[in-house]
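> structure for the following, please:
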Amino acid sequence: MKAGFAETDITPRVGVQLFGFGPYINRISTGIRDPLGARAAVLEDNSGKRCVVIGCDLGCLPAEYVSLIRQEICRHIPGVAADDIMVCCSHTHSGPAVGNSDSGWGAPDLPYVEILPYKIASSAIDAWKNLEEVHLSAARVPCRHIGINREYDIGNSSPLEEVLKEDWEPAHPELTDTEVLVIRCDGADGQLKGFFASFSCHPVVCCKETHLIHGDYPGVALHQLMRQYPGSVGIFLQGALGDVNTGCVHQAEQPSMLALDIFASRFANAVRNGLEKARNNPVPEKISSYSKRIECSVREAWDLEFLLEKEREFSAVLHRAEASDAGYDERIAAVKLPGVRKMISDLKNGKKPVIPAEIHALRIGSVELLGAPFEIMQAIKNEVIEKVNAPIPAVVGLANGYNSYAPDRALLAKTSGYAATTAPFIVGQWPLEKIHDELVEAFIEADRKLFPELNSMKEKKQ
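Okay, here's the model as predicted:
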């Protein structure tokens, strides 16, 4: 097996707006706590089959940017097709706004976003130039002291002073990710060349009152580890983060910055443990890829009559004499109004109300990365992990684009709620109807394509 790693600095200039935390809060960066990176790996098996994995310290990347990145990589790296390239984001809320400026969750900086896809692509091109013989190994290790389920366990949230104690963990860790998957690549000289760390939790230790640029807990942790292992490149793969926050969120600036270092150290310690455990678990030399575009079904109840009523409702909040552009109700209505108008326009123009998404999977030996462009919920991930045949599967969210949330069945059954019914207005898409089942089915299909020998064995046993 061969692998090459590289990192490109994608830190924006100070003064750009930061991503997340609320509508039109004008969260403008004032400094750089840690640089942001696009970190890439190119892997090649003994047959010459290659794949590319990129992890970016960004909130999200629109699918059209991913397309540009893939095109640029394919132009420079022989034998690599778009389906062999997975581009992921950590979802840090302390990085630059990159997506649609109409969302209100930060306005993109035009020079930055025009340059960005080519900078990200250059990380993979540089990684390809660094190809060398490596030994791959992997391990899953405990990581229980970071997340809390914000949908099903929020009533058990602890005071910050308790959360920051060394032995803290959520009341119900089983509702969060409790393990981190670590893959390490060692060179022929025995030195660590690169590693992957896959884990599920929103990078939101820092809050709307903080204005420094950084990659939040995963980005800070990777910098710690890369300093400890000089010459190595670490790639973070965000998992099913849709309903999991860190134990510290929405705090004031000073406690947030203190908590950032603590949570980053906790994550770095878990990854470090994984790097040691992985030494005894070699990964076979086999690479393959799979990609399929699906159309996700949406709620039929959101018809033209319903959307027109919502347009009147949101307009009423804004079009009154006492309205204030500083009020939260007005700002959130201003976010929803363009979204509902977009959906109305689509219906009037005969556009089919579906949400397209790419289901993407990479096999790296016994490891399987199952990616989709959603903030996926834990219940979906758990069902996928239970049903696929890959020896070491990982669900990767925010892969190759961004389509908002993928709620689980319980949340889809609700008629209200941020993930299921508010977020669709914010991004201007219909709410999903059956995404839990659709993702599970699509990931199982991908698994069967990538691990046909295990499916054959399973069928013989049955």
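
> who touches the spatially closest residue to Val384 that is not a sequence neighbour in this structure?
Nearest non-adjacent residue to Val384, counting by Cβ to Cβ, 6 or more residues apart in numbering: Phe443, 4.8 Å away. Just so you know, the C-beta spots here come from the backbone N, C-alpha and C atoms, and that holds for glycine as well. With contacts defined as Cβ atoms under 8 Å, 6 or more residues apart in numbering, the neighbours of Phe443 are Ile359, Ala361, Leu370, Ala372, Val384, Val388, Val395.

> again with Ala221
Under the criterion of Cβ under 8 Å, 6+ apart, the neighbours of Ala221 are Ala197, Phe236, Ala264, Ser265, Phe267, Ala268, Val271.

> any low-confidence regions in the stretch 351-462 of the chain?
Low-confidence segments of the stretch 351-462 of the chain, defined by pLDDT under 70: 456-462.

> and the residue sitting furthest away from the middle of the chain, how far from His91?
Relative to the centre of the chain, the most outlying C-alpha is that of Ala321, 41.2 Å out, by Cα atoms, centre = their mean. Taking Cβ to Cβ, to the nearest Å as the measure, Ala321 falls 39 Å from His91.

> and the residue nearest to Val384, helix, strand or coil?
Assigned state for Phe443: helix (three-state reduction, DSSP: H, G, I helix; E, B strand; the rest coil).

> any regions of the protein where pLDDT drops low?
Flagging of the chain using pLDDT under 70 yields the residue ranges 100-102, 456-462.

> which helix is the longest one in it?
Ranked by residue count, the top helix of the chain under DSSP state H comes out as helix 253-278.

> and the strands in the stretch 301-450 of the chain, which stretches?
355-364, 367-371, 375-376, 392-396, 405-406 (DSSP state E, counting those that start in this stretch).

> what sits up against the fourth one?
Read that as strand 392-396. The set of residues external to strand 392-396 that reach it, using Cβ under 8 Å, 6+ apart, is 86, 88, 138, 140, 181, 198, 200, 237-240, 283, 366-372, 376, 380-381, 384-385, 443, 447.

> same question, the last one
Outside strand 405-406, the residues that touch it by Cβ under 8 Å, 6+ apart are 242, 372, 374-377, 380, 397, 419-420, 423, 432, 435-436, 439.

> which helix or which strand is home to Lys119?
Using DSSP states H and E, Lys119 sits in helix 110-129.

> name the helices or strands packed onto that helix?
Packed against helix 110-129, as judged by 3 or more Cβ pairs under 8 Å, 6 or more residues apart in numbering; DSSP states H and E, are the following elements: strand 2-9, strand 37-44, strand 50-56, helix 63-76.

> Gly20 is nearest to which of those?
Closest of the helices and strands packed on helix 110-129 to Gly20 is strand 50-56, at 15.2 Å (criterion: Cβ to Cβ).

> list the buried residues for that closest one?
Arg50, Cys51, Val52, Val53, Ile54, Gly55, Cys56 (16 or more other Cβ atoms under 10 Å).

> just flag the most distant two among those residues.
The span of these, defined through Cβ to Cβ, is set by Arg50 and Cys56 at 19.9 Å.

> hmm, back to that, neighbouring strands for the helix or strand following the longest helix of the chain, and are they parallel or not?
Per DSSP H and E, the first helix or strand lying C-terminal to helix 253-278 is strand 287-296. Strand 287-296 pairs in its sheet with strand 355-364 (antiparallel), by DSSP bridges.

> can you check what angle separates the partner strand from strand 2-9?
130 degrees (axes from the mean of the first three to the mean of the last three Cα atoms, to 10 degrees).
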